[in-house]
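Asker: show me how the following folds:
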Amino acid sequence: MKRPGPLFTLLAGLVFAVFLLALNATTGTKGTSNPYRPASPGVSASATAPAGSAPPVTSPAPSPSASRAAVPNADYAGRTDDGSSAVAVSLRGGRAIAYFCDGHDKESWLKGAVAQDGTLKLTGAHGDRLDGTLKGNRLISGTTEVGGQRYAFTADRAVKPSGLYRATATVRGAKIDGGWIVLPGGRQVGVVERDGTPAAAPEIDPETGAVTIDGQKVVARPVTP
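Answerer: Next up, the predicted model:
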């Protein structure tokens, strides 16, 4: 028997080399990762993005408290639009107390909560009410209904001694309940009830709150909710 010739051996070597090259090509592509595949859980997008690409831009979440200002602890005093009466409002801790008086014989105390958007809906005796809006912490404007009559008003932020004062006492056997509004500029509007009968109030000393009623000294104090 003849031994295989050199030509046959060369052809067999070429076939084997082609087989090895094809095998390497198919197995090498299986391990190659896709640079654009979705990120795995727990892996940031920047870790899976192709080299040289810009990182994604994200906007910070808005702060809930940044969108609205806090309701201030402050006092406000002003007059009705027709000039007949005065209104004062004191705010503390999201609560409000207000006083309306004409300086003669009409008055009303009102109270309630202040909403986060600065709106006030206060109520008093006999169906009296006050609806107002706090504007930029500078003033309160709105309407009040007292004794069946409606008044529009504007009350500016008050700086001491302007503001709202009240005094209660017993003088010569009569129960005294007085309210005063000291307006910006110093003018005062007040009503004193003697056993439920209203009348114009004497002026107080806004620095000390001292006032003389029927010959007796009484002290009026700032009012807060």
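
Asker: helix or strand right after the lowest-mean-pLDDT helix or strand in the chain?
Answerer: Taking mean pLDDT, DSSP states H and E as the measure, the chain has helix 45-48 as its least confident helix or strand, at a mean of 43. Next helix or strand after helix 45-48 toward the C-terminus (DSSP states H and E): strand 74-80.

Asker: and that following strand, what does it pack against?
Answerer: strand 86-92, strand 139-146, strand 149-157, strand 163-171 (3 or more CB pairs under 8 Å, 6 or more residues apart in numbering; DSSP states H and E). C-beta coordinates here come from the backbone N, C-alpha and C atoms, glycine included.

Asker: the inter-axis angle of the next helix or strand along the chain from the first one versus strand 163-171?
Answerer: When you say that, I think you mean strand 86-92. Tracing the chain C-terminally past strand 86-92 and defining elements by DSSP H and E, one meets strand 95-101 next. Strand 95-101 and strand 163-171 are oriented at 70 degrees to each other (axes from the mean of the first three to the mean of the last three CA atoms, to 10 degrees).

Asker: thinking again about what came up before, could you identify which of the helices and strands packed on strand 74-80 is most buried?
Answerer: strand 86-92 (a mean of 25; mean count of other CB atoms under 10 Å).

Asker: now do Asp81 against Val87, distance only.
Answerer: In this view, Asp81 and Val87 are 10 Å apart by CB to CB, to the nearest Å.

Asker: now Ser162: phi and psi?
Answerer: Dihedral pair for Ser162: phi -70, psi 150, per degrees, to the nearest 10.

Asker: now the helices and strands packed on strand 74-80 in CSV, with distance to Ala74 and mean pLDDT?
Answerer: Formatted as CSV, the helices and strands packed on strand 74-80 follow (distance: least, CB to CB, whole Å; pLDDT from 0 to 100):
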stretch, distance to Ala74, mean pLDDT
strand 86-92, 6, 98
strand 139-146, 9, 97
strand 149-157, 6, 98
strand 163-171, 10, 97
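
Asker: for Ser108, find the nearest of those strands.
Answerer: strand 139-146 (4.5 Å; CB to CB).

Asker: any residues touching the closest one, and which ones?
Answerer: 76, 78, 80, 87, 89, 98, 100, 106-108, 110, 120, 124, 127-135, 150-157 (CB atoms under 8 Å, 6 or more residues apart in numbering).

Asker: direction included, what does that strand pair against?
Answerer: strand 129-135 (antiparallel), strand 149-157 (antiparallel) (DSSP bridges).

Asker: which residues are in contact with the last one?
Answerer: Read it as strand 149-157. 74-82, 84-85, 87-89, 100, 132, 137-145, 184.

Asker: please apply the same query to the shortest one.
Answerer: With CB under 8 Å, 6+ apart as the test, strand 129-135 has contacts from 71-72, 87, 89, 91, 98, 100, 110, 114, 118-124, 140-145, 153, 155.

Asker: okay, buried residues for that strand please.
Answerer: Arg129, Leu130, Gly132, Leu134 (16 or more other CB atoms under 10 Å).

Asker: if we can go back for a sec, how about the helices and strands packed on strand 74-80 in JSON lines, adding distance to Gly179?
Answerer: Formatted as JSON lines, these follow (distance: least, CB to CB, whole Å):
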{"stretch": "strand 86-92", "distance to Gly179": "9"}
{"stretch": "strand 139-146", "distance to Gly179": "13"}
{"stretch": "strand 149-157", "distance to Gly179": "15"}
{"stretch": "strand 163-171", "distance to Gly179": "5"}
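
Asker: closest one to Asp214 among those?
Answerer: When the helices and strands packed on strand 74-80 are ranked by distance to Asp214, counting by CB to CB, first place goes to strand 163-171 at 5.0 Å.
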